[in-house]
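[1] Build me a model from this:
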Amino acid sequence: MNYLTHLKKFQFNIHSFIFINNVINLPLNEDIERTLSLIGNEKYVSSVNYYHHAQPTSCNIYSYSCTNIIEYYFNITNNFPGGLFMNVKSITLYDEYPFEHEFFIQISQSFPIVKRLSLTNKKPQIENNLEESALTVVKFSCLVVLNFDEAHDHYVEQFLFDTKTFIPNNVLLGIEYNQFKRITHNFTKSKTRNNCAKMGYVYEE
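    I've put the predicted structure just below:
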């Protein structure tokens, strides 16, 4: 403790989970950031997510300068604060609220070299019926592994429809076989043909 007074820089990335039964007086992002502002001149970012069902409450706190050294980012929700993470190679997306197309645009821009992406979300997209010709194609140019874990069909379509998402060649896809077969109309749907042809291997979960 005697040496802490000599500390010049403190970089950290803390991701914690806790089960909370009493939802009264839960801390907010603003509360955490206000507390952190008392520590030096570093800028800090916090993302607190409260889930009503299976998942515990999660909290991700990191120093802004740490965005250049973080290599993974877990449990990204619609509350994702944004930013540019040049070294993150692995991300997981989870929420109890829908991920819309704009969310995936933001994710692809914030994590330009992501190689492993896992998605869990059972809620259908509200804006799924938007005219596809008017959508900006999301680009995940470095993707190597794509895994769907309890994902609604809309999110599989989000990545398999070439009108919505661009993926590179030889992507390892993790998906339940019957879901994959259903969405591709028994592997005949034209919108899925290009991206499915880029899949190096498909396995059943």
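
[2] Contacts only, for the residue nearest to Met199 when sequence neighbours are not counted.
    Using CB to CB, 6 or more residues apart in numbering and skipping residues adjacent in sequence, the residue nearest Met199 is Leu173, 4.9 Å away. Every residue, glycine included, has its C-beta placed from N, CA and C. Residues near Leu173 by CB atoms under 8 Å, 6 or more residues apart in numbering: 146-147, 180, 199, 201-203.

[3] Give me the helices and strands touching the host helix or strand of Phe74, please.
    Phe74 is part of strand 72-76 when elements are defined by DSSP states H and E. Contact partners of strand 72-76 among helices and strands, from 3 or more CB pairs under 8 Å, 6 or more residues apart in numbering; DSSP states H and E: strand 57-63, strand 90-94.

[4] Next, the angle strand 57-63 makes with it.
    Per axes from the mean of the first three to the mean of the last three CA atoms, to 10 degrees, the angle that strand 72-76 makes with strand 57-63 is 140 degrees.

[5] Run through who's touching the helix or strand of the chain with the lowest mean pLDDT.
    Scoring the helices and strands of the chain by mean pLDDT, DSSP states H and E places helix 29-36 at the bottom, with a mean of 74. Applying CB under 8 Å, 6+ apart, the contact partners of helix 29-36 are 44-48, 59, 61, 79, 81.

[6] Tell me the buried residues in that helix?
    Buried residues in helix 29-36, defined by neighbour count with 16 or more other CB atoms under 10 Å: 29, 32, 36.

[7] Can you list the strands that the helix or strand just after that helix pairs with?
    Next in sequence after helix 29-36, counting helices and strands by DSSP H and E, comes strand 44-49. Sheet pairing here is set by DSSP bridges, and for strand 44-49 it gives strand 57-63 (antiparallel).

[8] Let me know the average pLDDT across the strand it pairs with.
    Mean pLDDT, strand 57-63: 81.

[9] from now on call the first residue 526
    All set: I'll call the first residue 526, so the last point we hit is now strand 582-588.

[10] what is the mean pLDDT for stretch 653-667?
    For stretch 653-667, the per-residue pLDDT averages 90.

[11] Check which element follows the helix or strand that contains Asn703 along the chain.
    Element membership for Asn703, per DSSP H and E: helix 702-708. Scanning forward in sequence from helix 702-708 by DSSP H and E, the next helix or strand is helix 715-722.

[12] can you pull the alpha-carbon coordinates of that next one into PDB?
    In PDB, the C-alpha atoms belonging to helix 715-722 read as follows (Å, rounded to 0.1, in the frame of the first residue of the first chain):
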ATOM      1  CA  SER A 715     -31.000 -17.600 -52.700                       C
ATOM      2  CA  LYS A 716     -30.300 -15.000 -50.000                       C
ATOM      3  CA  THR A 717     -28.200 -17.500 -48.000                       C
ATOM      4  CA  ARG A 718     -26.400 -19.100 -50.800                       C
ATOM      5  CA  ASN A 719     -23.300 -16.700 -50.900                       C
ATOM      6  CA  ASN A 720     -22.600 -16.700 -47.200                       C
ATOM      7  CA  CYS A 721     -23.300 -20.400 -46.800                       C
ATOM      8  CA  ALA A 722     -20.800 -21.100 -49.500                       C
END
